[in-house]
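Asker: Below are the sequence and a predicted model for it; my questions follow.
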Amino acid sequence: MIEIPKFLKGQLLLDSGQLSGSFFQRTVVLVCQHDAEGALGLVLNRDSGNKLGEMVLADLPEQLTDNALYLGGPVQLSALSYLYSDTYLPEASVLPNVELGHSLETLVELGESFSPGKRIKLFAGYAGWSPGQLEEEMKRKAWLTHPATVDLVFDTDPDDLWQYVLKQKGGMYRVLAQMPEDVSLN
């Protein structure tokens, strides 16, 4: 039996096939914070169809305005969050070389700085769980877990991410990855 770590920060949560019809159907969520007080994550594969410059009324560096804005989750859609990575971030809080930010001022600084290894992914809203809620969802097997990597967060095509990670997991998960979104069409 696979043992699930007590806290899931730095893990990916994947819809196990039980979240059909919900916001989280076929999503991949990066758990950014998780402790006894609850959890916060960002959905990596729900593009809003908008660019940051279309949605944020602020003086943003040109390097940021054309970046895609993802729906980080159904909670507080007016909240802006971002993940960023660089060649070396020794104080990264989510996983090695991946930091979570919420400050518009820091985002502007990141956009104005030059670093060939810098990557930024932007989110409106977030996924949140109250104390014990995520643990209950894990017991019900609503989510599958997979270790997050910088490449999965920033470099894998978001449209293919859910299926890609399931295929990486192998075995019966490959079958889940091939199921149609609407199983009645099967």
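Answerer: Arrived safely, thanks for sending.
Asker: Tell me where the chain is predicted with low confidence.
Answerer: Applying pLDDT under 70 to the chain flags residues 1-5, 182-186.
Asker: Now do the strands in it.
Answerer: Counting by DSSP state E, one finds strands in the chain at the ranges 11-15, 28-35, 38-43, 47-51, 68-71, 75-85, 98-101, 119-129, 143-147.
Asker: List the buried residues of the last one.
Answerer: Residues 143, 144, 145, 146 are the ones in strand 143-147 that count as buried (16 or more other Cβ atoms under 10 Å). (Glycine included, C-beta is placed from N, CA and C.)
Asker: The second one now?
Answerer: Taking 16+ other Cβ under 10 Å as the neighbour-count basis, strand 28-35 is seen to contain the buried residues 28, 29, 30, 31, 32, 33, 34.
Asker: residue contacts, the closest residue to residue 10 other than its chain neighbours?
Answerer: Spatially, and ignoring its direct neighbours in sequence, residue 10 is nearest to residue 95 (4.1 Å; Cβ to Cβ, 6 or more residues apart in numbering). With contacts defined as Cβ atoms under 8 Å, 6 or more residues apart in numbering, residue 95 is in contact with 9, 10, 148, 149, 150.
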